[in-house]
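Novice: With the sequence up front, the predicted model follows.
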Amino acid sequence: MTERFPELVAPAPWRSVELISDLHLQAGDAATHGAWLAYLARTPRPDALFILGDLFEVWVGDDLLADGGDDDPDRHFWRGCARALRNFSAHTPTFFIAGNRDFLLGPEGLSACGMTGLHDPTVLVFGGRRWLLSHGDALCLADTDYQAFRAQVRSTDWQRDFLSRPLAERQDMARELRARSEARKRTLGPDPSLWADVDGAAASDWLARADAATLIHGHTHRPGEHALGQGRQRIVLSDWHAGARPPRAEALRLSADGGARRVALA
Ligand code: MN
């Protein structure tokens, strides 16, 4: 028998929850950082926030938040992000599914941000419906190079080895990886439709296993809704880029009556 996905049953008083992903927060993008801070301060607030991965452009270890390194603008930036999240999550429960950029956010980082980590995928039971939540990268099966890379960096051995290196070395390695990924994107061209997308059959299998009709995910930066047959569908969250023309920043709001609608934030 296949193992069931973990479930989170929303407490009865919840009237609305919001989901965001792919903010790719980084010190060099002040506009998106500002849009995110404005979002955290926005009212009325949802009863819970779900962050479906790639909140941070890169995360090389929770010791980024440790004391010291005050002259490092990146570390300064990450500490500010953690502080803002902690203030927000003090009044609004905040859940986190790791993306391919921030999967090294560990127990200490989660606790510094006041977030509860969730398994990828997790079933959210809310508004009389079962919603399957994921970052989405695990379903981009056509990109076999990426899947091999993912299996490697998600392994305990690789992570133990990586995290045992000095912070400065990890920051250098991350810069190198990002440069390689940017170069690959340039080879593929600016059109995200040429990048690997979520595999429809695999998404349907997950939904059947979860006994859910709707998958909500990010990662692909291709916001939209896709019917998968047999009453199943997937909803793709938007990435955030507040400095783009037109700016991109939105949340998906689920309501207690079972509805889902996009909320433009920029
Ligand atoms: Mn991603």
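Specialist: Nice, thanks for sending it over.
Novice: got the residues of the stretch 1-150 of the chain near the ion?
Specialist: Proximity of the stretch 1-150 of the chain to the ion, by C-beta under 5 Å from the ion, involves residues 54, 99-100. Where you see a C-beta, it was placed from the backbone N, CA and C, and this is true even at glycine.
Novice: any chance of the residues you listed in CSV, with neighbour count too?
Specialist: Below are these laid out as CSV (neighbours: other C-beta atoms under 10 Å):
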residue, neighbour count
D54, 28
G99, 26
N100, 19
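Novice: Ignoring the adjacent residues along the chain, who's closest to R262?
Specialist: Distance criterion C-beta to C-beta, 6 or more residues apart in numbering; nearest residue to R262, sequence neighbours excluded, is E250 at 5.3 Å.
Novice: Is it correct that that neighbour is in contact with A242?
Specialist: No. Using C-beta atoms under 8 Å as the test, E250 is too far from A242 to be in contact (10.8 Å).
Novice: hey, what's in contact with both of these two?
Specialist: A266 (C-beta atoms under 8 Å, 6 or more residues apart in numbering).
Novice: Return the distance of the residue of the stretch 151-266 of the chain found nearest the ion relative to G53.
Specialist: Here the stretch 151-266 of the chain gets closest to the ion at one residue, H219, 3.8 Å apart by C-beta to the ion. Distance check for H219 against G53: by C-beta to C-beta, to the nearest Å, it reads 7 Å.
Novice: Identify the contacts common to these two.
Specialist: Counting by C-beta under 8 Å, 6+ apart, the residues touching both H219 and G53 are 21-22, 99-100, 135-137.
Novice: Those residues in helices, which ones?
Specialist: Per DSSP state H, helices hold no members of the shared contacts of H219 and G53.
Novice: Generate a PyMOL selection restricted to the buried entries among those.
Specialist: In PyMOL syntax, the buried subset of the shared contacts of H219 and G53 is picked out as below (16 or more other C-beta atoms under 10 Å):
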select buried, resi 21+22+99+100+135+136+137
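Novice: Just the buried residues of stretch 206-214, please?
Specialist: 206-207, 210, 212, 214.
Novice: Right, I'll leave it there.
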